[in-house]
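Peer 1: Provide a 3D model corresponding to the input given below.
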Amino acid sequence: MDRGFGLYVHWPFCQAKCPYCDFNSHVSASIDHPRWQKAFLKEITRIREETGPRKLSSIFFGGGTPSLMAAETVASIVETAQDAWAPADDIEITLEANPTSVEADRFRAYAKAGVNRLSLGIQSLRNPDLKALGRRHTSAEAVAAYDIARSVFPRVSFDLIYARQEQTAAEWEAELAEALELGADHVSLYQLTIEPGTAFGDRHAAGRLPGLPDEGRSLDMFNITQDMTEAAGLPAYEISNHARPGEEGRHNLVYWRGGNWAGIGPGAHGRLTIDGLRIATECPSGPDRWLGAVEATGSGYSRREIVSAEDTRIEAVMAGLRLAEGVATSLLEEYNDINDLVNSGHLERTPDFVRTTRKGRPLLDAILREILVQPVPVVTSSRRQSSSN
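Peer 2: Now for the predicted structure:
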């Protein structure tokens with residue numbers, strides 16, 4: 001099975017830091033766009049020398065807010081990447097964007113640069129909640145940006161956050177109904193999580209983030225999400241991602257299926273198979289540090305190390321069980337017996353695959369802890385079967 005090869009490009013800058021965000025994003029008064037462009041292109045050339053020829057299945061511009069990038073920078077990255085690695089006939093080139101009116105005006109330039117899929121960070125269709133989430137757009141601006149995006153790009157996805165402060169299940173049901181009426185072929189629907197080190201994390205620790213839903217209300221919203229997206233023809237293909245068949249995000253599937261991807265930009269991670277070895281790469285998170293490293297040393301990596309066969313299997317289980325398709329049954333042979341999880345209805349097992357059920361999906365972290373906490377000893381080599389990983 002070809003799990004794909006992708007390029008991830010991290011643009012670290014935002015107009016403002018959202019209080020819930022724990023991504024590697026930074027606010028900067030000025031950005032030297034030509035300097036950043038040169039560094040990105042230099043990294044692509046270097047990594048091409050390391051990987052050799054590959055079939056490039058996807059490019060993903062993440063952030064930060066990549067829709068703050070100069071269109072010329074996006075175009076040069078796309079062109080250089082497709083010169084470095086032969087592009088697939090159906091290559092997916094995604095750019096994340098915020099739906100402010102200023103950025104919507106740039107959509108046509110990004111499409112001309114080669115972007116064929118836009119991921120729009122709407123987050124909410126309720127203005128008070130957008131304000132509470134630190135977003136700089138209104139609901140009307142989000143819908144207008146979405147309409148423009150649909151007229152420009154062949155594929156458009158958008159994100160929403162639910163289980164917000166004071167939000168009821170009925171309110172989420174009404175909001176999701178409005179969102180699904182927009183007719184997107186792909187939506188990412190995330191429960192609000194409070195991460196340490198964020199503004200929300202600090203407020204929560206100080207008892208100043210009231211109205212967060214309890215576990216029961218969050219589960220109600222999760223079940224509403226599954227029911228409504230399935231009825232709309234956008235079933236979950238991953239815990240938080242829903243799509244019409246054939247419209248799944250191909251770049252993220254490279255991650256979840258254990259494919260290869262090159263990561264460039266501050267804080268970017270990568271996984272590359274070279275000479276039969278799985279290599280983990282990581283870049284420093286600070287923008288100035290990454291940029292300086294590329295310019296001074298010729299490499300943006302702060303870490304490059306071989307991933308052991310055991311850690312490769314663990315990564316495959318952790319990522320693959322996020323997917324509705326699950327993982328190869330043989331991948332779990334060396335770990336704890338999953339019979340209890342199957343009997344309790346949290347996992348489904350066939351001779352070929354194991355996957356989480358709808359009941360199990362919200363509890364994936366606990367399921368993984370139970371499966372992976374202590375590997376089962378391999379008594380004889382006859383227990384091993386070939387894995388699709």
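Peer 1: Let me know the next secondary structure element after the helix-or-strand element of the chain with minimal mean pLDDT.
Peer 2: Across the helices and strands of the chain, mean pLDDT, DSSP states H and E gives its lowest value to helix 101-104, namely a mean of 75. Where DSSP states H and E defines the elements, the next helix or strand beyond helix 101-104 is helix 107-112.
Peer 1: what packs against that next one?
Peer 2: helix 71-84, strand 86-97, helix 139-152 (3 or more CB pairs under 8 Å, 6 or more residues apart in numbering; DSSP states H and E). All C-beta spots, glycine's among them, are computed from the backbone N, C-alpha and C.
Peer 1: May I see the buried residues of stretch 32-43?
Peer 2: Buried residues in stretch 32-43, defined by neighbour count with 16 or more other CB atoms under 10 Å: 36-43.
Peer 1: try stretch 22-30
Peer 2: In stretch 22-30, counting by 16+ other CB under 10 Å, buried: 23-26.
Peer 1: Ok, stretch 60-80 next?
Peer 2: In stretch 60-80, counting by 16+ other CB under 10 Å, buried: 60-71, 73-78, 80.
Peer 1: Which residue, other than its chain neighbours, is closest to residue 243?
Peer 2: In space, residue 243 comes closest to residue 186 once its chain neighbours are excluded; the distance is 4.3 Å by CB to CB, 6 or more residues apart in numbering.
Peer 1: Please compute how far the least confident helix or strand of the chain lies from its chain's middle.
Peer 2: Chain-centre distance of helix 101-104: 23 Å, with CA atoms, centre = their mean, to the nearest Å.
Peer 1: any idea how far residue 33 is from residue 8?
Peer 2: Using CB to CB, to the nearest Å, residue 8 is found at 20 Å from residue 33.
Peer 1: any idea which of the buried residues of stretch 22-30 is closest to residue 241?
Peer 2: Within the buried residues of stretch 22-30, the smallest distance to residue 241 is 16.9 Å, found for residue 23 (CB to CB).
Peer 1: Please verify my assumption that that closest one contacts residue 63.
Peer 2: Yes. The pair residue 23 / residue 63 is scored as a contact, 7.2 Å apart, by CB atoms under 8 Å.
Peer 1: circling back: report how many residues lie close to the residue nearest to residue 243.
Peer 2: Neighbours of residue 186 under the rule other CB atoms under 10 Å: 19.
Peer 1: Distance check, the residue nearest in space to the middle of the chain against residue 356.
Peer 2: The residue lying closest to the centre of the chain (CA atoms, centre = their mean) is residue 252, at 5.7 Å. Using CB to CB, residue 252 is found at 17 Å from residue 356.
Peer 1: tell me the angle whichever strand or helix holds residue 47 makes with helix 71-84.
Peer 2: Element membership of residue 47 [criterion: DSSP H and E] is helix 33-51. Orientation check (axes from the mean of the first three to the mean of the last three CA atoms, to 10 degrees): helix 33-51 against helix 71-84 gives 10 degrees.
Peer 1: then the helix or strand following helix 33-51 to PDB, C-alphas only?
Peer 2: For helix 33-51, the following helix or strand on the C-terminal side (DSSP H and E) is strand 55-63. Extracted as PDB, the C-alpha positions of strand 55-63 are listed here (Å, rounded to 0.1, in the frame of the first residue of the first chain):
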ATOM      1  CA  LYS A  55       6.200  10.800  -6.100                       C
ATOM      2  CA  LEU A  56       4.900  14.000  -4.400                       C
ATOM      3  CA  SER A  57       1.300  13.300  -3.400                       C
ATOM      4  CA  SER A  58       0.600  16.500  -1.300                       C
ATOM      5  CA  ILE A  59       1.800  19.900  -0.100                       C
ATOM      6  CA  PHE A  60       0.300  21.400   3.000                       C
ATOM      7  CA  PHE A  61       0.900  25.000   4.100                       C
ATOM      8  CA  GLY A  62       0.100  25.100   7.800                       C
ATOM      9  CA  GLY A  63       0.700  27.500  10.600                       C
END
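Peer 1: can you give me the offset of strand 55-63 from its chain's centre?
Peer 2: 11 Å.
Peer 1: Can you give the strand pairings for that strand, parallel or anti for each?
Peer 2: Sheet pairing for strand 55-63, assigned by DSSP bridges, gives strand 5-11 (parallel), strand 86-97 (parallel).
Peer 1: Okay, buried residues for the longest one please.
Peer 2: Residues of strand 86-97 classed as buried: 87-88, 91-97 (neighbour count, 16+ other CB under 10 Å).
Peer 1: Please name every helix or strand in contact with the helix holding residue 47.
Peer 2: Looks like helix 33-51 contacts helix 71-84, strand 260-264, strand 269-274, helix 287-297 (3+ CB pairs under 8 Å, 6+ apart).
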